[in-house]
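**Q** need a 3D model of the sequence below.
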Amino acid sequence: MYRKISLLLIFLMLFTVLTGCYDAVEIDDEVYPVMLGVDKGANNKFRITIQYSVYGAANRNQEGTQRTQSNIAVIEAPSIIESMEMFGQEISRRITLKHLKVIVFSEKIAVEGIEKYILGIQRYREMRNTVAITVVKGEAQNFVRENLSIIGESLPKMVELFFSQPLHNSYSAEEQFFDFYQSILSSYKQPVASYGGVNDYSNIGEGENQKDIPPITGKGYLPGEIPRKGSAKRELSGTAVFNGDKMVGYLDSYETRYYLLVEGKFRGATITINDKYKPSTVIVAYIKLARKPKVKAHFSAGKPVIDVNLKVEADIVSINNKTPYEKLYMIQDLNAQIKDFLSKGINKTIEKTQKEYESDIFGFGYHVVDNFKTIQEWEDYNWLSHYKDAKINVNLTVNVRRMGAGFYTSDIWDSRGRVEK
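**A** Next up is the predicted model:
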């Protein structure tokens with residue numbers, strides 16, 4: 001009996017060990033797209049573009065700089081999920097979305113309605129809730145093709161860091177799949193997505209600027225408008241605004257910052273404003289939220305009234321004139337200039353979402369709902385249709401905390417003596 005029990009235990013142990021890896025897959029038996037683009041195809045099909053890494057490949061350009069090595073594949077299919085099987089004809093590997101970083105929709109699809117595309121993949125077990133959602137001007141296929149980098153070999157790392165840029169510069173909203181899907185179904189707020197495009201490098205000027213013209217500050221950019229040249233033409237700049245599942249407009253890069261400030265997702269960024277005493281010079285400040293915005297909502301004469309209290313801290317990065325703002329009597333003046341700049345931008349952005357887009361992307365509905373006794377009363381009221389009529393009061397406080405590394409403003413001297421600026 002003892003021998004039988006021992007043999008049985010040994011058999012069970014061997015059975016467990018030998019069958020433990022029956023479903024194991026070698027890493028190079030599958031292909032892991034990091035970016036997936038969705039365009040309209042022919043005959044009501046989807047045109048799907050994927051970008052994936054090349055195993056063990058490295059590439060150096062003529063200057064010897066290392067460039068991310070990747071492949072692009074395009075196919076038309078009746079659904080996004082089926083396209084993954086059809087790609088096997090091109091790649092001869094199983095395509096899995098387990099490590100997908102970004103889904104890119106063309107603006108044409110977003111304007112017509114994105115619901116069927118989102119619903120078509122939200123049940124798929126390989127779809128992660130943290131996948132970023134992006135809308136691009138033009139074709140998604142072109143945006144994916146221009147997703148290049150000259151820094152490092154890792155394509156997934158490059159894509160993840162690129163789409164996390166809103167955490168550092170607040171030029172675009174960072175919207176993940178779960179948040180986007182939840183907002184489409186919500187009666188409290190409307191969805192947004194990061195806004196991207198391809199830059200043809202035609203916006204950067206040639207030659208010197210005209211003299212005695214104040215620099216333009218507070219100007220926001222849309223995708224493709226940033227005056228730059230480089231190696232990667234794709235860029236994120238602005239936010240796509242939705243009403244339901246349809247894109248109804250956009251915010252530029254500066255309007256996006258004002259939106260993130262009010263929503264409480266602003267992580268910090270640098271702003272440049274004209275000095276009111278010397279308009280040809282600028283003041284550069286790094287701003288961040290001192291705390292989460294406090295929002296309260298009530299009704300007055302049958303109309304919703306929303307009060308938003310914002311507290312912003314500012315660190316002065318640069319002042320390219322000799323105005324002694326570091327003096328105590330000038331600090332309040334500096335606070336007032338930054339406050340005036342931000343207040344105008346915030347109020348214009350809110351008005352734009354109310355009058356032009358009629359889309360509560362700020363989530364004010366989460367505060368207005370406190371005035372209703374039941375969910376049924378709330379749904380019957382239909383807050384999203386009343387957002388355009390709401391009175392929104394923004395109370396902004398700005399506090400300059402640091403004046404940079406300088407303790408005082410120094411004079412400039414030349415052969416003639418003290419230079420007056």
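
**Q** wait, doesn't Glu160 sit right on His99?
**A** No - counting by Cβ atoms under 8 Å, His99 is not a contact partner of Glu160; they are 10.0 Å apart. No exception for glycine: its C-beta is placed from N, CA and C like everyone else's.

**Q** can you show me the strands along the stretch 1-150 of the chain?
**A** Under the criterion DSSP state E, counting those that start in this stretch, strands of the stretch 1-150 of the chain are mapped to 30-31, 33-40, 46-53, 59-60, 66-67, 70-77, 94-95, 102-106, 132-136.

**Q** would you list those strands in CSV and tack on mean neighbour count and distance to Glu255?
**A** Output for the strands of the stretch 1-150 of the chain, formatted as CSV (neighbours: other Cβ atoms under 10 Å; distance: least, Cβ to Cβ, whole Å):
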stretch, mean neighbour count, distance to Glu255
strand 30-31, 18, 39
strand 33-40, 24, 26
strand 46-53, 23, 29
strand 59-60, 12, 38
strand 66-67, 16, 34
strand 70-77, 17, 32
strand 94-95, 16, 38
strand 102-106, 24, 21
strand 132-136, 27, 16
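
**Q** dump those to CSV, plus distance to Lys344.
**A** Formatted as CSV, those follow (distance: least, Cβ to Cβ, whole Å):
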stretch, distance to Lys344
strand 30-31, 50
strand 33-40, 37
strand 46-53, 40
strand 59-60, 48
strand 66-67, 43
strand 70-77, 43
strand 94-95, 49
strand 102-106, 32
strand 132-136, 27
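
**Q** flag the shaky bits of this protein, pLDDT-wise.
**A** 14-28, 56-68, 150, 206-215, 404-421 (pLDDT under 70).

**Q** need the longest strand for it.
**A** strand 303-319 (DSSP state E).

**Q** who are the packing partners of that strand?
**A** Counting contacts by 3 or more Cβ pairs under 8 Å, 6 or more residues apart in numbering; DSSP states H and E, strand 303-319 packs against helix 253-263, strand 282-289, strand 294-300, helix 328-351, helix 365-368, strand 391-402.

**Q** quick one on the thing from earlier: Lys229: which of the strands of the stretch 1-150 of the chain is closest?
**A** Among the strands of the stretch 1-150 of the chain, the nearest to Lys229 by Cβ to Cβ is strand 66-67 (16.9 Å).

**Q** quick revisit: and the helices and strands packed on strand 303-319 as CSV, adding distance to Gln376 and mean neighbour count?
**A** Shown next, in CSV, are the helices and strands packed on strand 303-319 (distance: least, Cβ to Cβ, whole Å; neighbours: other Cβ atoms under 10 Å):
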stretch, distance to Gln376, mean neighbour count
helix 253-263, 27, 23
strand 282-289, 35, 20
strand 294-300, 18, 14
helix 328-351, 29, 16
helix 365-368, 15, 20
strand 391-402, 26, 15
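
**Q** in JSON lines, list these along with distance to Ser194.
**A** Output for the helices and strands packed on strand 303-319, formatted as JSON lines (distance: least, Cβ to Cβ, whole Å):
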{"stretch": "helix 253-263", "distance to Ser194": "9"}
{"stretch": "strand 282-289", "distance to Ser194": "20"}
{"stretch": "strand 294-300", "distance to Ser194": "24"}
{"stretch": "helix 328-351", "distance to Ser194": "17"}
{"stretch": "helix 365-368", "distance to Ser194": "22"}
{"stretch": "strand 391-402", "distance to Ser194": "24"}
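
**Q** so which of those comes closest to Met13?
**A** Here helix 365-368 is closest among the helices and strands packed on strand 303-319 (Cβ to Cβ), at 55.2 Å.

**Q** what does the closest one rub up against?
**A** 186-189, 295-297, 304, 306, 383-384, 387, 390 (Cβ atoms under 8 Å, 6 or more residues apart in numbering).

**Q** ok, so of these, who is nearest Lys327?
**A** Val295 (35.7 Å).

**Q** measure the closest one to Gly365 for me?
**A** 11 Å (Cβ to Cβ, to the nearest Å).

**Q** Thr349 now?
**A** 18 Å.

**Q** thinking again about what came up before, tell me which of the helices and strands packed on strand 303-319 lies nearest to Asp200.
**A** Here helix 253-263 is closest among the helices and strands packed on strand 303-319 (Cβ to Cβ), at 18.1 Å.

**Q** and the closest one, what does it pack against?
**A** Checking 3+ Cβ pairs under 8 Å, 6+ apart, helix 253-263 ends up next to strand 234-243, strand 303-319, helix 328-351.

**Q** dump the ones you listed into TSV; add distance to Arg145 as well.
**A** Below are those laid out as TSV (distance: least, Cβ to Cβ, whole Å):
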stretch	distance to Arg145
strand 234-243	9
strand 303-319	36
helix 328-351	33
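
**Q** which one of those lies nearest to Gln165?
**A** For the helices and strands packed on helix 253-263, distance to Gln165 was read as Cβ to Cβ. The smallest value, 6.4 Å, belongs to strand 234-243.

**Q** starting at the chain centroid, how far to the closest one?
**A** Here strand 234-243 shows a centroid-to-chain-centroid distance of 7 Å under the convention Cα atoms, centre = their mean, to the nearest Å.

**Q** go on, stretch 236-245?
**A** 10 Å.

**Q** how far does stretch 149-166 stretch from start to finish?
**A** 18 Å (Cα to Cα, to the nearest Å).

**Q** quick check: buried residues in it?
**A** Going by neighbour count (16 or more other Cβ atoms under 10 Å), the buried part of stretch 149-166 is Ser149, Glu153, Leu155, Pro156, Met158, Val159, Phe162, Phe163, Gln165, Pro166.

**Q** and what of stretch 162-180?
**A** Neighbour count says stretch 162-180 has 162-163, 165-166, 169-177, 179-180 buried, by 16+ other Cβ under 10 Å.
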